[in-house]
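1. how would this look folded up:
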Amino acid sequence: MKHLLLMTIFAIATGKSYAQNHSLEFSINSVNSDKGKLYVQLFKGEDNFKKGAPHAAQIMPARKGNTLLVFSNLTPGEYAVRFFHDENNDGKMSTNLFGIPSEGYGFSNNAQPVMAPPSYQDSKFTITSDTKVTQNSSDVIY
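-> You can find the predicted model right below:
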């Protein structure tokens, strides 16, 4: 306990942290209108992606064109992002009669759907201990 207290005092005094925290800048490109909101989820690891259990999430007003958002305090590891443009502002992704999204959506690495949503493997990216800020972007699919 005494050792842990000394390490904490040293970290505060020197301004150094033993936890490696990184930021992700993510750009959503080609939003087609200012209507509604953008719902964005960041997943850490394949299991969480498959379960739909995000590590972090953001909801923001839609802006036509490109939108940049930041996720902070991330540790090294594999991540993936998915998002949708809730144009009708009902809090969910609307689909047509066949279950195909009728509102814009996208995934990190600009992963494209082929008869199903993109896999984690297509969407994932890695934040390493050397990463200061990771940049990733995706175009909205309408």
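2. now do the helices in this structure.
-> Here the chain has its helices, by DSSP state H, at 2-14, 46-51, 120-123.
3. how about residue 129, nearest residue that isn't a chain neighbour?
-> In space, residue 129 comes closest to residue 76 once its chain neighbours are excluded; the distance is 5.0 Å by C-beta to C-beta, 6 or more residues apart in numbering. No exception for glycine: its C-beta is placed from N, CA and C like everyone else's.
4. isn't the one you found right up against residue 134?
-> No. Taking C-beta atoms under 8 Å as the definition, residue 76 is not a contact partner of residue 134, at 10.3 Å.
5. more neighbours: these two, which one.
-> Counted by other C-beta atoms under 10 Å, residue 76 and residue 134 do not tie: residue 134 has more neighbours, with 17 against 14.
6. is that one in a bridge, and if so with what?
-> With DSSP bridges as the criterion, residue 134 is bridged to residue 24.
7. tell me the pLDDT of it.
-> Each residue has a pLDDT score; the one for residue 134 is 71.
8. list the contacts for it?
-> With contacts taken as C-beta atoms under 8 Å, 6 or more residues apart in numbering, residue 134 has the following neighbours: 22-25, 125, 127.
9. same check, this time on residue 122
-> Applying C-beta under 8 Å, 6+ apart, we find residue 122 in contact with 107, 109, 111-112.
10. now do residue 105
-> Taking C-beta under 8 Å, 6+ apart as the contact definition, residue 105 lies against 82-85, 93, 140-141.
11. give me the below-cutoff pLDDT ranges for this structure.
-> 1-20, 131-133 (pLDDT under 70).
12. list the buried residues in stretch 87-103.
-> Within stretch 87-103, the residues scored as buried using 16 or more other C-beta atoms under 10 Å are 87, 101, 103.
13. and what of stretch 127-142?
-> When neighbours are counted by 16+ other C-beta under 10 Å, the buried residues of stretch 127-142 are found to be 127, 134, 136-138, 140-141.
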